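In: below are the sequence and a predicted model for it; my questions follow.
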Amino acid sequence: MAVTAQMVKELREATGAGMMDCKKALTEAEGDIERAIDILREKGLSKAAKKADRVAAEGLVTIKTNEDNTSAAIVEVNSETDFVAKNEDFKVFVNDVVEMALDGSAENVAELLEAEHKEGKALQDVLNDRIAKIGEKLDIRRFERISTNGKISGYIHGAGKIGVVVELDTDSNDEKVFELGKDIAMQIAAMNPKYISRDDVDQDYIAHETEVLKQQALNEGKPANIVEKMVVGRLNKELKEVCLLDQVFIKDSEVTIGKLIEKVAKEVASPIKVSRMVRYEVGEGIEKKQECFLEEVAKQMN
């Protein structure tokens, strides 16, 4: 019986095994999908599907830039445990992914998974191979590619737990610009600003916070005639915490990030503007499954 592309597709969806492995199994099973599933199971190649319902909230964030720092990619690849995140094979795979994200044309994870890996097969198939080899669910969660006429700086914190990419709009190639970019990226990693400047703040956010702060002041029994001034003051204090340019520089409490940028711009005689920031933190937004450590060890042994 001839093996069709549709049959290979169905087997991949059922087992999570690689495309070529599915084709070989179907050929061996003479087109019998149920038998092909058994063949893949016998060879230990259907592990990926068995792990699909597990939670992958650990992992690594990594960054790669081109030679002149005008293009960069940042990716997050997840694993189930921190043990695997420290595994050398996993680190190599994550590096492969970020290189493909930077050098390729994929616009989303689905397209990236369809792209050809250097092993000569789709990244999805390589991912499934790694899942079978490592023995945990792995997930390419997200990536972003940035290109600019200015300069890009990246920073990795905590051995890959947080990654930040900063785009600086500037004509300068001075080393001070690159140092500034790294300092700003470190600031973003540490302080996690929501916005670059006050101009970027959502007006709905302003309106909501204003109302909350107003009620707060009234509930404190403050006189109505000074509530408005109090709200303005408290809102300004809050914006200094959520806006990058208003934040106090973590390396020098005497200056804000905005003032730091102005200082470096004067030194290199070229305007500098932060035009974009991307911050990835491993597992953010993923509900982690809580398990007893002893139970986890027992699972690994079994």
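Out: Received, thanks.

In: where do the strands sit along the stretch 201-302 of the chain?
Out: Secondary structure of the stretch 201-302 of the chain (DSSP state E, counting those that start in this stretch): strands at 248-249, 252-256, 273-281.

In: so which bits of the one helix or strand Ala189 maps to are buried?
Out: Element membership for Ala189, per DSSP states H and E: helix 175-191. Buried residues in helix 175-191, counted by 16 or more other CB atoms under 10 Å: 177-178, 180-181, 183-189, 191. The way it works is simple: take the backbone N, C-alpha and C, and place the C-beta from them, glycine included.

In: tell me how far Ile33 lies from Glu10.
Out: 6 Å (CB to CB, to the nearest Å).

In: and the angle from the helix holding Ala189 to strand 273-281?
Out: 40 degrees (axes from the mean of the first three to the mean of the last three CA atoms, to 10 degrees).

In: off-centre distance for helix 175-191?
Out: Its chain's C-alpha centre lies 18 Å from the corresponding centre of helix 175-191 when counted by CA atoms, centre = their mean, to the nearest Å.

In: cool, and stretch 216-233?
Out: 41 Å.

In: cool, and stretch 179-196?
Out: The mean C-alpha position of stretch 179-196 is separated from the chain mean by 16 Å, CA atoms, centre = their mean.

In: after the helix or strand encompassing Glu144, which helix or strand is next?
Out: Here Glu144, judged by DSSP H and E, is contained in strand 139-147. Next helix or strand after strand 139-147 toward the C-terminus (DSSP H and E): strand 151-157.

In: ok, now which ones touch Glu67?
Out: Applying CB atoms under 8 Å, 6 or more residues apart in numbering to Glu67 gives no contacts.

In: typo on my end, Leu26
Out: 3, 7-8, 11, 33, 36.

In: any chance of those in CSV, with secondary structure, distance to Lys263 and pLDDT too?
Out: Formatted as CSV, these follow (DSSP: H, G, I helix; E, B strand; the rest coil; distance: CB to CB, whole Å; pLDDT from 0 to 100):
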residue, secondary structure, distance to Lys263, pLDDT
Val3, coil, 66, 88
Met7, helix, 65, 89
Val8, helix, 60, 88
Leu11, helix, 61, 83
Ile33, helix, 67, 87
Ala36, helix, 66, 88
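
In: which of the residues you listed lies closest to Met100?
Out: Val8 (22.8 Å; CB to CB).

In: in terms of helices and strands, where is the closest residue to that closest one other than its chain neighbours?
Out: Excluding its sequence neighbours, the residue lying closest to Val8 (CB to CB, 6 or more residues apart in numbering) is Cys22, at 4.9 Å. Assigned by DSSP H and E, Cys22 belongs to helix 19-28.

In: report the buried residues of that helix.
Out: 19, 21-26.

In: kindly report the same for stretch 57-67.
Out: For stretch 57-67, by 16+ other CB under 10 Å, it's 57-65.

In: so what's the gap between that stretch and the chain middle?
Out: 8 Å.

In: now that stretch: mean pLDDT?
Out: Stretch 57-67 shows a mean pLDDT of 95.

In: try stretch 134-152
Out: Per-residue scores along stretch 134-152 average to 93.

In: what's the first-to-last distance across it?
Out: Using CA to CA, to the nearest Å, one end of stretch 134-152 lies 34 Å from the other.

In: same check on stretch 250-258?
Out: End to end - CA to CA - stretch 250-258 spans 13 Å.

In: domain ranges for the chain?
Out: The chain is divided into the following domains under the TED database: 5-50, 58-196+273-281.

In: figure out which of those is closest to Glu220.
Out: domain 58-196+273-281 (25.9 Å).

In: closest to Thr256 among the buried residues of stretch 57-67?
Out: Ile63 (25.5 Å).

In: tell me which residues form a beta bridge with that closest one?
Out: In this entry, Ile63 is beta-bridged to Ile74, by DSSP bridges.

In: sketch out the low-pLDDT regions of the stretch 51-200 of the chain for me.
Out: Residue ranges of the stretch 51-200 of the chain with pLDDT under 70: 51-54.

In: I figured Val8 was touching Lys24, is that so?
Out: No. Val8 is beyond contact range of Lys24, at 10.0 Å (criterion: CB atoms under 8 Å).

In: what's the overlap in contacts for these two?
Out: Joint contacts of Val8 and Lys24 (CB under 8 Å, 6+ apart) do not exist.

In: circling back: between the buried residues of stretch 57-67, which sits nearest Val212?
Out: For these, the nearest to Val212 is Ala57 (31.2 Å; CB to CB).
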